[in-house]
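Participant: Here is my input, please return the structure:
(one chain, ligands or ions: 1)
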Amino acid sequence: MRRFPEGFLWGCATASYQIEGSPLADGASPSIWHRFSHTPGNVQGGDTGDVACDHYRRWRDDVALMRELGLKAYRFSIAWPRVLPDGTGRVNEAGVAFYDRLVDALLEAGIVPFATLYHWDLPGALQDRGGWANRDVVGWFTEYAGLMFERLGDRVQHWITLNEPWCVAHLGHVAGVHAPGMRDLWAGLRVAHHLLLAHGEAVAAFRASRAGRGRIGITLNLAPQHAATSSQTDRAATDRADAYHNRLFLDPLFKGRYPAVLVQHFGEAWPEVTDEDLAIIRRPIDFLGINYYSRSVVADAPGEGLLGIRHVDTAGARTAMGWEIYPQGLYELLVRLHREYGPLPLYITENGAAFDDRLDASGQVDDAERVDYLHRHFLAARRAIDDGVRLEGYFVWSMLDNFEWALGYSKRFGIVYVDYPSQRRIVKRSGRWYRQVIEANGVPE
Ligand SMILES: N=[N+]=NCCCCNC(=O)[C@@H]1[C@H]2[C@H](O)[C@@H](O)[C@H](O)[C@@H](CO)[C@@H]12
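Facilitator: Down below sits the predicted model:
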């Protein structure tokens, strides 16, 4: 048995738009994902977050389910449009009350709440004013963050400013496959910069708030980039991919500068960046959240796409998302972060897999593949701890099957199956297995 350190925080992660449903209930306003999913052609099957897992109404039973699973911690996100329907100014007390009750129920169940301030559901009213591409968003986000620190900061001690700024900037503003569906590199690079500025200003607001004695961090999706061959051109291509996918956020946050290779590569599209900006962005944080799913293998492809690279297929097994199952990439990433950007406390704020789960004749889900996936990734994380990495918790994505963005409900990541028509929750084999892991605080070799 490979035991984890005493007090290791085993949990699950979710996000507001992906599980809550009731997007316009009790004074909430439309988010950019409400608009995006209701725009035909954007989401597979025309799916929307209108119902999702109906968590907005079933939250009490879901907390009971978390307790049944033995979770030590639970990472959720707050829907900005519920608490500030116009994005700034007027507070919607019914929206705040939902999170107030949720936090109280979690504490009552002995579960540590981790609150993510932004998991992609920007108020549509702010998108109408330019959204993340408008530098004024820094003030809007800081106001929202300050309100939440004020209202929940006496009970929530762990805060994540942003979930995956890379996805917000690239998928939402360059590739256009996520809300708000923009395809504009110039805007996307500014969005990345504004997200980091907003993060930095929220950190300062946190330190000044009554929540300030808690911990604040940010969650990045990070993926090791491996060169397809040892050729100079493939290595240079991999360096560009690593700079864009990983260092675009890591370097300003922890080194106070953007990767030079990107500034060069993007030329006049690169935004104006001042030393004052960089000082805001690099304000010290208490932990780094890592969302790990897989790695990429990269080859030089002159003139192709944004970076002149292409991703090379590998032989390894894949999840239902088409992502290679590569647990050693988690070990490699954790050790790199510790050595190059740390040493600071780390949490795996998301790791998990989608597989084609089906109810069997007995109405159960025997998701052996997900058990194997998690087992191998837990062992990789445990190896990193042996090498001195200060890993303090692990949140499995996800507790429930949920709305998988542009893929709608076609992908199931949960350790609990959601039968959407009936909204019944059915704990999968992986959920029962995870409960044992948490109880033992360890996994078999
Ligand atoms: N090009 N390209 N892109 C692939 C980039 C992968 C990054 N996607 C994630 O990490 C998302 C993260 C998200 O927080 C959660 O809300 C999503 O449900 C999970 C599962 O998808 C993961």
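Participant: if I pick whatever residue of the chain ends up closest to the ligand, what's in contact with it?
Facilitator: Nearest to the ligand, among the residues of the chain, is Asn221, at 3.9 Å (Cβ to the nearest ligand atom). C-beta: built from backbone N, CA, C; applies to glycine. By Cβ atoms under 8 Å, 6 or more residues apart in numbering, the contact set of Asn221 is 164, 166-167, 291-293, 350.
Participant: List the backbone torsions phi and psi for Thr233.
Facilitator: Dihedral pair for Thr233: phi -70, psi -40, per degrees, to the nearest 10.
Participant: ok so, going back, what bridges to the residue of the chain closest to the ligand?
Facilitator: Beta bridges link Asn221 to Asn291, judged by DSSP bridges.
Participant: Compile the contacts of Asn221 into TSV and extend it with columns for secondary structure.
Facilitator: Formatted as TSV, the contacts of Asn221 follow (DSSP: H, G, I helix; E, B strand; the rest coil):
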residue	secondary structure
Glu164	coil
Trp166	helix
Cys167	helix
Asn291	strand
Tyr292	coil
Tyr293	coil
Glu350	strand
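Participant: pLDDT at the residue of the chain closest to the ligand, what is it?
Facilitator: Per-residue confidence for Asn221 comes out at a pLDDT of 98.
Participant: Give me the subset of the contacts of Asn221 that also touch the ligand.
Facilitator: Filtering the contacts of Asn221 for proximity to the ligand by Cβ under 6 Å from any ligand atom leaves 164, 167, 291, 293, 350.
Participant: From what I see, the third one and Thr219 are in contact.
Facilitator: Yes: with contact taken as Cβ atoms under 8 Å, Asn291 and Thr219 are classed as touching, separated by 5.9 Å.
Participant: more crowded one of the two?
Facilitator: Using other Cβ atoms under 10 Å as the criterion, Asn291 and Thr219 rank with Thr219 on top: 28 against 21.
Participant: Quick check: which element contains the more buried one?
Facilitator: Following DSSP states H and E, the helix or strand that holds Thr219 is strand 215-221.
Participant: ok, Ser31 to Ala133 distance?
Facilitator: According to Cβ to Cβ, to the nearest Å, Ser31 and Ala133 sit 16 Å apart.
Participant: So between those two, which is more surrounded?
Facilitator: More neighbours surround Ser31 than the other of Ser31 and Ala133, with 27 against 20 (other Cβ under 10 Å).
Participant: isn't that one right next to Trp80, touching?
Facilitator: Yes: using Cβ under 8 Å, Ser31 is in contact with Trp80, at 7.4 Å.
Participant: shared neighbours of the two, anything?
Facilitator: With Cβ under 8 Å, 6+ apart, Ser31 and Trp80 have common neighbours 121-123.
Participant: show me where the stretch 151-300 of the chain has strands.
Facilitator: Listed in chain order, the strands of the stretch 151-300 of the chain (DSSP state E, counting those that start in this stretch) span 158-163, 215-221, 225-227, 287-291, 296-300.
Participant: Quick one: closest of those strands to Arg376.
Facilitator: Judged by Cβ to Cβ, the one of those that comes nearest to Arg376 is strand 287-291, at 16.7 Å.
Participant: Run the angle between that closest one and strand 158-163 for me.
Facilitator: Angle of strand 287-291 versus strand 158-163, following axes from the mean of the first three to the mean of the last three Cα atoms, to 10 degrees, is 50 degrees.
Participant: what packs against strand 287-291?
Facilitator: strand 158-163, strand 215-221, strand 346-351 (3 or more Cβ pairs under 8 Å, 6 or more residues apart in numbering; DSSP states H and E).
Participant: Say whether the ligand is contacted by the first one.
Facilitator: Yes: contact between strand 158-163 and the ligand, assessed by Cβ under 6 Å from any ligand atom, occurs at Asn163.
Participant: neighbours around Ser77, how many?
Facilitator: Going by other Cβ under 10 Å, the residues that sit close to Ser77 add up to 25.
Participant: how about the residues of the stretch 251-400 of the chain that lie near the ligand?
Facilitator: Of all the residues in the stretch 251-400 of the chain, those lying near the ligand are 291, 293, 350, 397, going by Cβ under 6 Å from any ligand atom.
Participant: Return the closest of those residues with respect to Arg370.
Facilitator: Checking those one by one against Arg370 (Cβ to Cβ), the nearest turns out to be Trp397, at 11.0 Å.
Participant: Just the pLDDT for that closest one.
Facilitator: Trp397 is assigned a predicted lDDT (pLDDT) of 98.
Participant: Which strand residues bridge it?
Facilitator: So, taking DSSP bridges as the rule, Trp397 has Ala13 as bridge partners.
Participant: For it, give me its contacts.
Facilitator: So Trp397 contacts 12-13, 291, 350-352, 413 (Cβ under 8 Å, 6+ apart).
Participant: Which pair of these spans the longest distance?
Facilitator: Using Cβ to Cβ, the contacts of Trp397 span at most 13.3 Å, a distance reached by Cys12 and Asn291.
Participant: orientation of the helix ranked longest in the chain relative to strand 215-221 in degrees?
Facilitator: Of all the segments of type helix in the chain, defined by DSSP state H, the longest one is helix 185-208. If you take the same axes, to 10 degrees, helix 185-208 sits at 160 degrees to strand 215-221.
Participant: pLDDT on helix 185-208, on average?
Facilitator: For helix 185-208, the mean confidence score works out to 98.
Participant: Could you number the chain from 29 rather than 1 from now on?
Facilitator: Right, with 29 as the first residue, what we last looked at is helix 213-236.
Participant: And it, what's buried?
Facilitator: 215-231, 233-234 (16 or more other Cβ atoms under 10 Å).
Participant: Mind giving me the packing neighbours of it?
Facilitator: Contacts defined by 3+ Cβ pairs under 8 Å, 6+ apart place helix 213-236 against helix 165-180, strand 186-191, helix 193-194, helix 200-201, strand 243-249, helix 276-283, helix 303-309.
Participant: Let me know the angle separating that helix from helix 276-283.
Facilitator: Using the same axes, to 10 degrees: helix 213-236 against helix 276-283 is 40 degrees.
Participant: can you pull the contacts of the spatially most central residue of the chain?
Facilitator: Centroid-nearest residue in the chain: Asn191, 4.1 Å away (criterion: Cα atoms, centre = their mean). The contact partners of Asn191, by Cβ under 8 Å, 6+ apart, come to 43, 105, 144, 146-148, 247, 319, 377.
Participant: And for Ala412?
Facilitator: Neighbouring residues of Ala412 by Cβ under 8 Å, 6+ apart: 358-359, 362-363, 366, 419.
Participant: Tell me which two in those are the farthest apart.
Facilitator: Maximum pairwise distance in the contacts of Ala412, criterion Cβ to Cβ, is 12.6 Å, between Leu358 and His366.
Participant: Please say which of these two ends up with more neighbours.
Facilitator: Just comparing Leu358 and His366: by other Cβ under 10 Å the higher neighbour count belongs to Leu358, 26 against 18.
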